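[1] Okay, sequence plus prediction incoming.
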Amino acid sequence: MRRFVDGDYHPDMDADTPQSTSPWRRWASVAGCVVLGAVLLFAAWAKVLDPAAFADKIRSEGLDIVLSGEAVAWIALFLELFLGAALLLAVRHRTILWPTAALVAFFVFLTSRTYWRFLAGVEVDDGSCGCFGKLVERTPEEAFWQDLLLLVPPLALAFLARAAGSLPRWRLIVAGIFTAGMLGLAWKAPELPLDNLATRLKPGVDPVALCAGSEDDGSRTCLDAILPELREGEHLVILADLGDDSFASHVETLNEYYWSEGVPALWVVTASTEEELFQFRFTHGPTFEIREAPAALLSPLYRTLPRTFSVQGSRVAETWSGLPPFEELGGSAALE
Amino acid sequence: MMRRDPASPKTLPRTFRTVAVVALLGLIQAFTASMAAAQAAQADALFQDFRPSGDFLFELGGSEVDGAEIYRSERSGAYLILAPALKSPLLINTRGGTVETVSLLKVARRDNGAIDLLADASFDSMGQFQVGAQELTFQVKGQAAKLKPKPPLLGFQTAASLVDYNPSYGFKSKSYAPDATSLRALAAQGKDVKVRVYFGTWCPVCSRLVPKVMRVAEELEGSKLSFEYYGLPRQMADDPVTDEQKLNGVPTAVVFVGEKEVGRLGGRELNLPESSLQKILAGS
């Protein structure tokens, strides 16, 4: 191992890094690797928390041509995690850098295509633009420029002093173990209570500030346009799919709660279609108020529906996966 | 020819007859009032407080029924249809999926226009209704009947045309009490102000907030403030006005002083339109 160059110790240095490479190029390359690795891992984290949403995104982008959306999502997630971890461990070998370059090109292609569609006036799903899942709200323009700036310069830097020859085995083993662990977490994630981590809706958030869309094309919508009432008082808001039979089976419970004395105001918010709303209203007889909201506004707020949050003092106080424990909220209704 | 005997009971003195008539009228009034009170007290626990609903239109035998009044009870989720063409009002029970008739005598109208069914009302089943994609179909005495959403009201509207389209706007408008101080300040201001409210008849938030604006407009009649209303389709982008005015959602009230836009009120601000308007004009 030739980790001593010009008398200095370089732990990042691969055994076969050319001796002629100047120190600043090597450090710039390492820095590029680490930054790119961190960006890829942050992006992968959002997908680990909600792999189903990533598969939906793959389908909505039309990338499920040969393999299913789920298969493409898992392969992409594996690549992103493994390459991200390897880069974070300063592996600058071309075996890692070239696949990373392909992945970066793929991400930039996707965001640039979405941005181009946006500029052309084609409607885009801007609920989760780019590669950061539901954690970050970005317009197509922001997604394109941010991806370009976060991915391409560090990649270029990483290539400044790429290594050849044998791979750093132990660092790759560590990256592999990390990747396997994260894929295991992603596999189990839908069953785990990770909604607050995986979405923008979490305790402490101002619900009125939850928005989607761009000011530029006039598509920006915020939750306060749908529920201006949230500014004052106590509320219980259920995000629901009205076509879901299991939600429909709780309508009587919700009706009872809605008419109970001294409980927070109940609202059901849905992105269901006009037809679904009509059918729900006349098939199940809800007496609580239902508000419609664009899917782009709601989808970053949940992993699975229904999801519930309470609001006190114009802040999200608590969230629940599914329906809340009505008996604990003071209503006369209780879930069976 | 018979002559009337002045001493017979039929020839009571004029004052006595007047007293008797007044007493009878009083009795009738007292009876009516007690009936009304009894009716109010005996409203059905579930099927009560039906309020005008302008979301649907009612068809019978393939054509829209003139003069049909449609009400909805928030408590029960049921709809009540009254129409001259119907002998008895129809109750659409959404929780049971049934259509029933109820005697008109068991329908009590409150002073505010809401309707209660009396506790002792009996219902005659007309069978189940079928839920289609966008309509409810059922049979009324062998005739095909439908309840379906009204097409939205589009373009420039007046308060009167809004109430005509959806009586619930009038009902909600009457029940809103704007802040008197803000109203006085608005009435006293000297600028020519125009408030244009963009809304959608399909939008539940609009149906709650636009009536408040209508009430404020009514209170400010004769002042320098004028109000107009503009209905947008569900797909707002279908109307070029959405793009021209850069509207993100409805309801949105755009406030002009002269020809210059000085501010906008969204859903949150329109919850108290008079106060929000006062703030905008104070800052313009």
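    Looks like it arrived, so ask away.

[2] what residues does chain A put near chain B?
    By Cβ under 8 Å from any Cβ of the partner chain, the residues of chain A that approach chain B are A:208, A:213, A:215, A:218-221, A:224-229, A:231, A:255, A:259, A:274-275, A:278-279, A:281-287, A:289-292. The C-beta positions use only the backbone N, C-alpha and C, and glycine is treated the same way.

[3] Counting only helices, which of these make the cut?
    Residues from those lying in helices, with DSSP state H as the criterion: A:224, A:225, A:226, A:255, A:274, A:275, A:278, A:279, A:281, A:282, A:283, A:284.

[4] so can I have CSV of the residues you listed showing neighbour count?
    Output for these, formatted as CSV (neighbours: other Cβ atoms under 10 Å in any protein chain shown):
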residue, neighbour count
A:224, 22
A:225, 24
A:226, 24
A:255, 21
A:274, 13
A:275, 13
A:278, 22
A:279, 20
A:281, 17
A:282, 22
A:283, 15
A:284, 21
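
[5] any low-confidence regions in the stretch 151-300 of chain A?
    Residue ranges of the stretch 151-300 of chain A with pLDDT under 70: A:214-219.

[6] Roughly how far does the closest residue to residue B:49 other than its chain neighbours sit from chain A?
    Excluding the flanking residues, the one nearest residue B:49 by Cβ to Cβ, 6 or more residues apart in numbering or on different chains is residue B:114, at 5.3 Å. Between residue B:114 and chain A the computed distance is 16 Å (Cβ to the nearest Cβ, to the nearest Å).

[7] ranges for the helices of the chain?
    Unless you meant another one, I'm taking chain A. A:23-49, A:51-60, A:69-88, A:94-119, A:140-158, A:169-188, A:195-198, A:223-226, A:245-248, A:251-258, A:274-284, A:295-298.

[8] Can you look at chain B instead?
    B:14-41, B:159-165, B:167-174, B:180-188, B:204-219, B:240-244, B:273-283.

[9] right, and the ones you listed - which one's nearest residue A:84?
    Evaluated with Cβ to Cβ, those place helix B:240-244 nearest to residue A:84, the distance being 41.4 Å.

[10] who's in contact with that closest one?
    Residues from elsewhere that reach helix B:240-244 (Cβ atoms under 8 Å, 6 or more residues apart in numbering or on different chains): A:218, B:198, B:230, B:232, B:236, B:237, B:247.

[11] Report the buried residues of it.
    residue B:242 (16 or more other Cβ atoms under 10 Å in any protein chain shown).

[12] How about stretch A:225-245?
    A:225-231, A:235-244.

[13] Mind putting the helices of chain A into TSV with distance to residue B:58?
    Formatted as TSV, the helices of chain A follow (distance: least, Cβ to Cβ, whole Å):
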stretch	distance to residue B:58
helix A:23-49	49
helix A:51-60	40
helix A:69-88	45
helix A:94-119	44
helix A:140-158	45
helix A:169-188	53
helix A:195-198	44
helix A:223-226	29
helix A:245-248	26
helix A:251-258	25
helix A:274-284	14
helix A:295-298	32
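
[14] any idea which of the ones you listed is most buried?
    helix A:223-226 (a mean of 24; mean count of other Cβ atoms under 10 Å in any protein chain shown).

[15] Who does the residue lying closest to residue B:171 once chain neighbours are set aside form a beta bridge with?
    Nearest in space to residue B:171, with sequence neighbours left out and distances taken as Cβ to Cβ, 6+ apart, is residue B:52 at 5.1 Å. For residue B:52, the beta-bridge partners under DSSP bridges are residue B:71.

[16] What distance do you get for residue B:52 to residue B:211?
    From residue B:52 across to residue B:211, the span is 11 Å (Cβ to Cβ, to the nearest Å).

[17] the more surrounded of the two?
    residue B:211 (23 against 19; other Cβ atoms under 10 Å in any protein chain shown).

[18] pLDDT score for that one?
    As predicted, residue B:211 sits at a pLDDT of 95.

[19] Quick check: residues of chain B near chain A?
    So far as Cβ under 8 Å from any Cβ goes, chain B lies against chain A at B:74-78, B:92-97, B:129, B:131, B:133-134, B:136, B:149, B:202, B:204-205, B:209, B:234, B:242-243, B:246-249, B:266-268, B:270-271.

[20] from those, which ones fall inside strands?
    B:92, B:93, B:131, B:136, B:149 (DSSP state E).

[21] okay but the first one is in contact with residue B:137, surely?
    No - at 11.4 Å, residue B:92 and residue B:137 do not qualify as touching, with contact defined as Cβ atoms under 8 Å.

[22] With neighbour numbers in mind, choose between these two.
    residue B:92 (25 against 14).

[23] Give me the pLDDT for the more buried one.
    94.

[24] so who does it touch?
    A:282, B:78, B:79, B:80, B:81, B:99, B:129, B:136, B:138, B:147.

[25] gap between whichever residue of the stretch 101-250 of chain B sits closest to chain A and residue B:236?
    At 4.2 Å from chain A, residue B:249 is the closest residue in the stretch 101-250 of chain B, using Cβ to the nearest Cβ. For residue B:249, the distance to residue B:236 (Cβ to Cβ) stands at 8 Å.
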